[in-house]
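Undergrad: model the following, please.
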Amino acid sequence: MNMATAMLYLGKAQAMVAGSQTPTSEVLKPSLELRRLYPGIPPVTSCFIMQIKNPEYGSNGILIFADCAMNPEPSSAMLAQIAGASAKVAKQICNIEPKVAMLSFSTYGSSEHSAAVKIKEAVEIARRKFPEFEIDGELQVDAALVPWIAEKKAAGSKVAGKANVLVFPDLNSGNIAYKLVERLADARAIGPIVLGLNPVVNDLSRGCSVEDIINICAVASIQCSLISGKDER
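TA: Predicted coordinates for the structure are as follows:
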């Protein structure tokens, strides 16, 4: 990993994809260590592009799940950053208009527990920081995805019932959710796509397939094009 990362920062390569045999911490550690030399830049987050077989959900079956690989217990400010970064993936890589749901066990104050209040605070920060995106919460996942439930729980929301970007409250819930959907719904999970690193470094699950490696390499190529300002898709 150290050698590959050095090649990136010396300009000998544009992107790195690794992790089929190596834990995420080892893949990203060299890049994160180098990043500490440059304070003030956006934090590193991650997301998955999920392709499910039921086109009724997300954008014709495409959803973004975040953060499922990087940040174990994100603060409200970090959740807001995750929302904005994953919305950009939806728009720039998937070519869909992002509708971001900040998920919780509560919808619109149905619980006043501190965990739900944190999500509400994250929504306020995200809306201020990323006014170009539709972001709403706190929302239970059924209210985020199912129109008739959204009408009952979050009437008038521009996101509820139509969400295609799901921001989970912590890494436990995000990682469990993407693996459940991938295995039980026979969905395609592309990622984790690491956001906030330049040069581009993307990770792989150690349970990845050859197809998974090809897909994340394709995403890395698009990320390089976006960074250079030459999107050649």
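Undergrad: would you map the helices across this protein?
TA: 2-9, 24-35, 76-92, 114-129, 141-145, 147-153, 171-184, 210-228 (DSSP state H).
Undergrad: tell me which of those sits nearest to I64.
TA: With respect to I64, and counting by Cβ to Cβ, the nearest of those is helix 76-92 at 4.9 Å. Where you see a C-beta, it was placed from the backbone N, CA and C, and this is true even at glycine.
Undergrad: in the chain, what helix or strand scores lowest on average pLDDT?
TA: Lowest by mean pLDDT, DSSP states H and E among the helices and strands of the chain is helix 24-35, with a mean of 65.
Undergrad: who's in contact with the residue nearest the centre of the chain?
TA: Centrality entry for the chain: nearest residue to the mean C-alpha point is C47, 2.5 Å, by Cα atoms, centre = their mean. Contact analysis of C47 by Cβ atoms under 8 Å, 6 or more residues apart in numbering lists 64-68, 82, 85-86, 89, 191-193, 195.
Undergrad: thought P74 was touching A83?
TA: No - using Cβ atoms under 8 Å, P74 makes no contact with A83, being 10.3 Å away.
Undergrad: low-confidence ranges in the protein?
TA: 1, 4-5, 7-10, 23-25, 27, 29-42, 230-233 (pLDDT under 70).
Undergrad: at 50 what do you get?
TA: By pLDDT under 50, the weakly predicted segments of the chain are 37-38, 232-233.
Undergrad: quick revisit: nearest to P199, out of the helices of the chain?
TA: Using Cβ to Cβ, the nearest of these to P199 is helix 2-9, at 4.2 Å.
Undergrad: quick one: neighbours of the closest residue to I96 other than its chain neighbours, just the number.
TA: Nearest residue to I96, sequence neighbours excluded (Cβ to Cβ, 6 or more residues apart in numbering): S59, at 4.1 Å. Using other Cβ atoms under 10 Å, S59 has 19 other residues around it.
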